[in-house]
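Chemist: the following comprises the amino acid sequence and a computationally predicted model.
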Amino acid sequence: MPRANKSKKNKQPVSHPTTKHVAVAKEKIQHQRQQADTRTTKEIEAAKKAHKDQKRIRKKRENGGVVHNDEDYQRIRAQLQEATERNNYPLERPRTF
């Protein structure tokens, strides 16, 4: 004879949040986000552009390309140029085998 499932009897009904509660919570979250972001639109746009540039540079690096407007690249290139001028070496030395 199958046993009766007694656990079902004692369960409380699940109370789902009403749409009003959800709306209030969403509004609170939106308000908090607006409070947290006190930057001007120009600053936000600049941050977006910088992020986009970083993504582009990262993508290019991963694909093995050279990024000419990258600060690290510019710095290293300048150091190399300076060293070659000091030692009077041509930048691209011909290979000798």
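Modeler: Thanks, I have the structure now. Owing to the predicted nature of the structure, the values given are computational and were not obtained by experimental measurement.

Chemist: any low-confidence regions in the protein?
Modeler: Counting by pLDDT under 70, the chain has low-confidence residues at 1-13, 17, 37, 65-69, 86-97.

Chemist: following the longest helix belonging to it, which helix or strand shows up next?
Modeler: In the chain, assigned by DSSP state H, the helix with the most residues is helix 41-62. The C-terminal neighbour of helix 41-62 among helices and strands, as given by DSSP states H and E, is helix 71-87.

Chemist: compute the inter-axis angle for that following helix and helix 41-62.
Modeler: 60 degrees (axes from the mean of the first three to the mean of the last three C-alpha atoms, to 10 degrees).

Chemist: in helix 71-87, which residues are buried?
Modeler: Within helix 71-87, no residue is scored as buried using 16 or more other C-beta atoms under 10 Å. Backbone N, C-alpha and C define where each C-beta goes, glycine included.

Chemist: ok, stretch 27-40 next?
Modeler: When burial is assessed from 16+ other C-beta under 10 Å, stretch 27-40 yields no buried residues.

Chemist: other residues contacting it?
Modeler: Outside stretch 27-40, the residues within contact range by C-beta atoms under 8 Å, 6 or more residues apart in numbering are 44, 47.
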